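>>> got a sequence here, can you model it:
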Amino acid sequence: MAGRIEDYALVGDGRTAALIGRRGSVDWLCWPRFDSSACFAALLGTEDHGFWALFPAEAGAEESRTYRSGSLVLETCYATPTGEVRVTDYMPTNDGSHLVRIVEGLTGSVAMRMRLSVRFDYGLAVPWVSHNELGDLRAISGPHKVVLRTPVPLRGEDQTTVADFAVAAGESVAFTLSYGLSHEDDPPPIEPRKVLFETDRYWRDWSIRCARGTPWDEVLQRSLLTLKALIYQPTGGIVAAPTTSLPEELGGVRNWDYRYCWLRDSTFTLIALMDGGYIDEARAWRDWLVRAVAGNPEQAHILYGIAGERMLPEIELDWLPGYEGAKPVRIGNAAVDQFQLDVYGEIFDALFQARQRGLLGDRDGWRVGLALLRHLETVWTEPDEGIWEVRGGRRHFVHSKVMAWVAFDRAIRAYEDGDAPDAPVDRWRATRDRIHAEVCQKGFDPELGSFVQFYGGKSLDASLLLIALVGFLPQDDPRVVGTVSAIGRTLMRDGLVLRYDTEDQATDGLPGGEGAFLPCSFWYADNLIGLGRREEARAMIERLIGLSTDLGLLSEEYDVEAKRLVGNFPQAFSHVTLVNTILNYARAAGPAKERCEG
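Down below sits the predicted model:
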């Protein structure tokens, strides 16, 4: 059985990532890309679906773990009655695809065991295992191949590769697992300790540039390091999470594939990176965004593959029992075909914020923008599926209309700044004003004193917390204040904010519920900051930080009943909003104020 979600650590190489549990088992790894099929899928099943464990042979060892400071190198120490060892896990950031595990003796002598069970295609395919002429173990199935190199003798046991060995103080043993294509030569070997030094230096050199001067500098740096680990370096695309189908409700059906790039996260991500001190990564994300949406504006999607792929069909893997029985397990995401108006606002806001921070665009990017706006002029009046990708049918969601307003507003402001030549700005202004008036008339309920989820409805939605954060209305507008108050009364659970009432299945379209959505909780704290309620905001920030794992990682949601993290992990959007909220609190002109005022 897989460990708790919060028991996993992340290591990555800028192309994919592995999740390693407290018990020393790699239970999730898709190779060679985030969205490739998994060769270790025990996270969503059992050991039969692939894992790689490295642990003391004697039961009852005391475990402690940490990342090296400013690095994504993981160190786990085990204390046993006979001695102590340290296991160092990392993925090299240079060429090749490797996962390296080094066991070092610290005191005494410790008997260790290694168990490797490679199962390609998400645990379905048992590989053919052999040894090459150098004695390296090779596992091949279809196009896939992994090679294990170690000085430790290996043996087969029930279709699992096993090694038993001892490490005394001052000794060390390395295991290097390398991925390659089965029709090519074996991946060239690496020198594990030399590459460890280079990898650790890579992460430290990167993280040293992180913004400082907040009450939570270490938390800020760890969140930015996590975001860096979720960037697919060849393209600049940022996956929402490296996992699929970790449930939003334990045992439930809200299990989605998050190994893709969502446009709804664009502006928050870009601001978090730039204000966190990382211009190059922000530029790469901006460039990925422009490439992804280029083409026929009617075919714009809400999410894309990490290289900009548009075809991401949703498939259920019926041979996997799911995380703690949460089925179905899905790969691909049917939400790719949904219509969401907020996407256009995110695109234009991201590009505008990039220009405001010195990332100049190009003429092709502006031409793409003009085509998108022409399309938006004709479709903003239509209902959509909304920011949360509901599967209960389209409605006139208030947040969607607000973000359509944002698209025209940012285009107008770009024109006024001289960045948008030959623009039909008078028409844009008329459309912007029309959207604003309609939202204020149809999206606000005087009886509730609050904006509502969709026109004519009475339900609330945490996305309404963005109304002030995107500059649609001032933070102190009575309608905004009333909305924040109403959300605090109705969507708050144990100090955390739900997205909306999932019991309303006519809108939601799915059975069951979910945990509190962590980004929404950060948005609530942002509003408290904007309203001058700083003590309440700080308490909420501390509460949210306290939900992170011992390694500083956050998932998408938190189950307030079970007191557990739920949803895909680690979640980029949670860390993005954590970064922005910390900077909003620490700076007089934080990301929220900059986003509103430009």
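>>> the helices in the stretch 151-300 of the chain, which residues?
For the stretch 151-300 of the chain, helices defined by DSSP state H, counting those that start in this stretch occupy the ranges 192-207, 217-229, 266-276, 279-293.
>>> deepest of the ones you listed, which one?
Of all the helices of the stretch 151-300 of the chain, helix 266-276 has the most neighbours on average by mean count of other C-beta atoms under 10 Å, namely a mean of 26. Backbone N, C-alpha and C define where each C-beta goes, glycine included.
>>> give me the contacts around that one.
Outside helix 266-276, the residues within contact range by C-beta atoms under 8 Å, 6 or more residues apart in numbering are 210-211, 220, 224, 227, 238, 279, 281-282, 285-286, 289, 346-347, 349-350, 353-354, 357, 359, 572-573, 576-577, 579-580, 583, 590-591, 594-595.
>>> quick check: end-to-end length of stretch 247-260?
End-to-end span of stretch 247-260 (C-alpha to C-alpha, to the nearest Å): 17 Å.
>>> want to throw the helices of the stretch 151-300 of the chain into JSON lines with distance to Leu44 and mean pLDDT?
As requested, the helices of the stretch 151-300 of the chain are exported to JSON lines (distance: least, C-beta to C-beta, whole Å; pLDDT from 0 to 100):
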{"stretch": "helix 192-207", "distance to Leu44": "28", "mean pLDDT": "97"}
{"stretch": "helix 217-229", "distance to Leu44": "21", "mean pLDDT": "97"}
{"stretch": "helix 266-276", "distance to Leu44": "27", "mean pLDDT": "91"}
{"stretch": "helix 279-293", "distance to Leu44": "28", "mean pLDDT": "91"}
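>>> what's the closest of the ones you listed to Glu514?
Within those, the stretch nearest Glu514 is helix 266-276; the backing value is 20.4 Å (C-beta to C-beta).
>>> now the angle from the closest one to helix 217-229?
Compare the direction of helix 266-276 with that of helix 217-229 by axes from the mean of the first three to the mean of the last three C-alpha atoms, to 10 degrees and you get 130 degrees.
>>> distance between helix 266-276 and the chain's centre?
Relative to the mean C-alpha coordinate of its chain, helix 266-276 is positioned 14 Å out (C-alpha atoms, centre = their mean, to the nearest Å).
>>> pLDDT weak spots in the stretch 51-200 of the chain?
For the stretch 51-200 of the chain, no stretch has pLDDT under 70.
>>> mind listing the strands for it?
Taking DSSP state E, counting those that start in this stretch as the test, the strands found in the stretch 51-200 of the chain are 51-56, 62-67, 74-80, 83-90, 98-117, 128-131, 137-141, 144-149, 155-156, 161-168, 172-181.
>>> check the offset of whatever helix or strand His436 lives in from the chain's centre.
His436 belongs to helix 425-442 when assigned by DSSP states H and E. From the chain centre to the centre of helix 425-442 is a distance of 34 Å (C-alpha atoms, centre = their mean).
>>> what of stretch 86-106?
The gap between the average C-alpha position of stretch 86-106 and the chain average comes to 23 Å, counting by C-alpha atoms, centre = their mean.
>>> can you turn the buried part of the contacts of helix 266-276 into a PyMOL selection?
Buried subset of the contacts of helix 266-276, written as a PyMOL selection, criterion 16 or more other C-beta atoms under 10 Å:
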select buried, resi 210+211+220+224+227+238+281+282+285+286+289+346+347+349+350+353+354+357+359+572+573+576+577+579+580+583+590+591+594+595
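>>> could you find the closest non-adjacent residue to Leu376?
Across the structure, with C-beta to C-beta, 6 or more residues apart in numbering as the measure, the residue nearest Leu376 apart from its sequence neighbours is Tyr344 (4.9 Å).
>>> any idea which element the one you found lies in?
helix 342-356.
>>> what angle do that helix and helix 266-276 make?
Note on geometry: by the same axes, to 10 degrees, helix 342-356 and helix 266-276 are set 20 degrees apart in direction.
>>> after helix 342-356, which helix or strand is next?
Later in the chain than helix 342-356, the nearest helix or strand by DSSP H and E is helix 363-379.
>>> so for that next one, mean pLDDT?
Across helix 363-379, pLDDT averages out at 85.
>>> just the buried residues of that helix, please?
Applying a neighbour-count criterion of 16+ other C-beta under 10 Å, the buried positions in helix 363-379 are Gly365, Trp366, Val368, Gly369, Ala371, Leu372, Leu373, His375, Leu376, Glu377.
>>> what does stretch 464-480 give?
Buried residues in stretch 464-480 (16+ other C-beta under 10 Å): 464-473, 475, 479-480.
>>> ok, those residues vs Gly386, which is closest?
Of all the buried residues of stretch 464-480, the one with the least separation from Gly386 (C-beta to C-beta) is Leu464, at 11.6 Å.
>>> correct me, but that closest one touches Ile487?
Yes - here Leu464 reaches Ile487: they are 6.7 Å apart, a contact under C-beta atoms under 8 Å.
>>> which neighbours do those two share?
Going by C-beta under 8 Å, 6+ apart, residues that sit against Leu464 and also against Ile487 are Ser450.
>>> coming back round to it: how about the contacts made by the residue nearest to Leu376?
Contacts for Tyr344 were tallied using C-beta under 8 Å, 6+ apart; they are Ala300, Leu372, Leu373, Leu376, Met403, Ala404, Ala407.
>>> thanks again, I'm all set now.
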